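[1] predicted model follows, preceded by the sequence.
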Amino acid sequence: MREHLQNVSELTVGQVEFFQKNGYLVVEQALEPQLLVGLQQQFDKWVEESRDQVEPYGETINGKPRFDLEPGHSYDKPGLRRVNAPVEISKDYYEAMSESRVPGMVANLIGPDVKFHHSKINSKLPGGQTEVKWHQDFPFTPHSNDDLVTALIMIDDVTEENGPLQVVPGSHLGDIHGLWHDGVFTGAVEQNVASDCEQESISCTGPAGSVCLMHTRLLHGSTANQSEHSRTLFICVYSADDAIPCSANPMPNRHEGIIVSGERCGRIRCTPFEMMTPQLPQTASFFDQQAEQQ
């Protein structure tokens, strides 16, 4: 197992400064080639298994489906769009989360002591119509402070055409935008904020094996896959060890809270902020929460 040494530097000073200013950073070759192939092959197997399913299936520790299917999914045109907590059922995905370069990069950004919160796979298969409306992650997973990083590991090449992550640079330094509107939890920001995001956004692209490190308060979204190539992301959420959850984990898993860099500090650090408590999804993913508001 990889040693989580505090003096290991995975990022340059310039990369850390870029993240601090912009709230995101794309780094290539975050995974060893052999591990990347293992992730790709495992996901391909899950796609093949999904062909015989007609509704979300499998079960996680909170009883919700592990595998989520896009509307219109069929045997001939599979639409596996989400795998919840893949680290629980795949040795390769667990290794990528805990023993790749990624935890060390996160430690360079938010301090030496880093713990794991949750993981999922979001995939847009060719022709997939799933879009992600503009939002920030922090209102879904509030903690006592906002030293949280979402690591989006690119299992496929991510291009401008296959529905890349879109971000608003520097927005992590601004307001926390509510996801409740007229008493309904929409999972998305208000339309006027979303319109501004469209004007200011840039795309995060890169070859398979890259990672996009994203601050939890960064505004982001993505469009549908308009290409013949899949866009699959393995998403891991990490926090500083002294950031304590203020609401239930939307994707509880048996590895929640494990230390992946540094050591357990035994402290709670609080910073001032205010937001509404999030509403946990009743189905396999928040895609349904956003879809209800279309």
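    Now that the structure is in, tell me what you want to look at.
[2] next SSE downstream of the helix or strand hosting residue 43?
    Secondary structure from DSSP states H and E places residue 43 in helix 33-50. Note on helix 33-50: by DSSP H and E, the next helix or strand toward the C-terminus is strand 67-69.
[3] following that following strand, which helix or strand shows up next?
    Remark: after strand 67-69, the chain's next helix or strand is strand 80-84, criterion DSSP H and E.
[4] still on that earlier bit, which helices and strands does the helix holding residue 43 pack with?
    strand 67-69, strand 80-84, helix 91-98 (3 or more CB pairs under 8 Å, 6 or more residues apart in numbering; DSSP states H and E). For glycine as for every other residue, the C-beta is placed from the backbone atoms N, C-alpha and C.
[5] can you tell me which of these is most buried?
    Highest mean neighbour count of the helices and strands packed on helix 33-50: strand 80-84, a mean of 26 (counted as mean count of other CB atoms under 10 Å).
[6] distance from stretch 11-20 to the middle of the chain?
    20 Å (CA atoms, centre = their mean, to the nearest Å).
[7] mind saving the C-alpha coords of that stretch as CSV?
    Taking Å, rounded to 0.1, in the frame of the first residue of the first chain, the C-alpha atoms of stretch 11-20 are listed here in CSV:
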residue,chain,number,x,y,z
LEU,A,11,1.9,19.4,-7.4
THR,A,12,4.1,22.4,-8.2
VAL,A,13,3.8,25.7,-6.4
GLY,A,14,2.4,27.2,-9.6
GLN,A,15,-0.3,24.5,-9.8
VAL,A,16,-1.3,25.1,-6.2
GLU,A,17,-1.5,28.9,-6.8
PHE,A,18,-3.6,28.3,-10.0
PHE,A,19,-6.0,26.2,-7.9
GLN,A,20,-6.2,28.8,-5.2
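[8] could you list the buried residues of stretch 168-185?
    Buried residues in stretch 168-185, counted by 16 or more other CB atoms under 10 Å: 168, 169, 171, 172, 176, 177, 178, 179, 185.
[9] so the third one makes contact with residue 21?
    Which is residue 171. No - Residue 171 lies out of contact with residue 21 (CB atoms under 8 Å); the separation is 11.6 Å.
[10] once you drop chain neighbours, what's closest to residue 133?
    The shortest distance from residue 133 to any non-neighbouring residue, by CB to CB, 6 or more residues apart in numbering, is to residue 188 (3.7 Å).
[11] per-residue pLDDT of the one you found, please?
    Here the pLDDT value assigned to residue 188 is 95.
[12] thought it was touching residue 131?
    No - with contact defined as CB under 8 Å, residue 188 and residue 131 do not form a contacting pair (10.4 Å).
[13] ok, these two, which is more surrounded?
    With neighbours defined as other CB atoms under 10 Å, residue 188 and residue 131 compare such that residue 188 has more, 22 against 16.
[14] now do the SS call for the residue nearest the centre of the chain.
    Most central in the chain under CA atoms, centre = their mean is residue 235, positioned 3.6 Å from the mean C-alpha point. At residue 235 the chain is in strand, as set by DSSP: H, G, I helix; E, B strand; the rest coil.
[15] tell me the confidence at it?
    98.
[16] that one against residue 155, yeah?
    No - applying CB under 8 Å, one finds residue 235 not in contact with residue 155, separated by 10.3 Å.
[17] show me whatever sits in contact with both of the two.
    Here residue 235 and residue 155 have residue 121 as joint contacts, going by CB atoms under 8 Å, 6 or more residues apart in numbering.
[18] returning to that earlier point: I'd like the helices and strands packed on helix 33-50 as a markdown table, with mean pLDDT appended.
    Shown next, in a markdown table, are those (pLDDT from 0 to 100):
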| stretch | mean pLDDT |
| --- | --- |
| strand 67-69 | 96 |
| strand 80-84 | 96 |
| helix 91-98 | 98 |
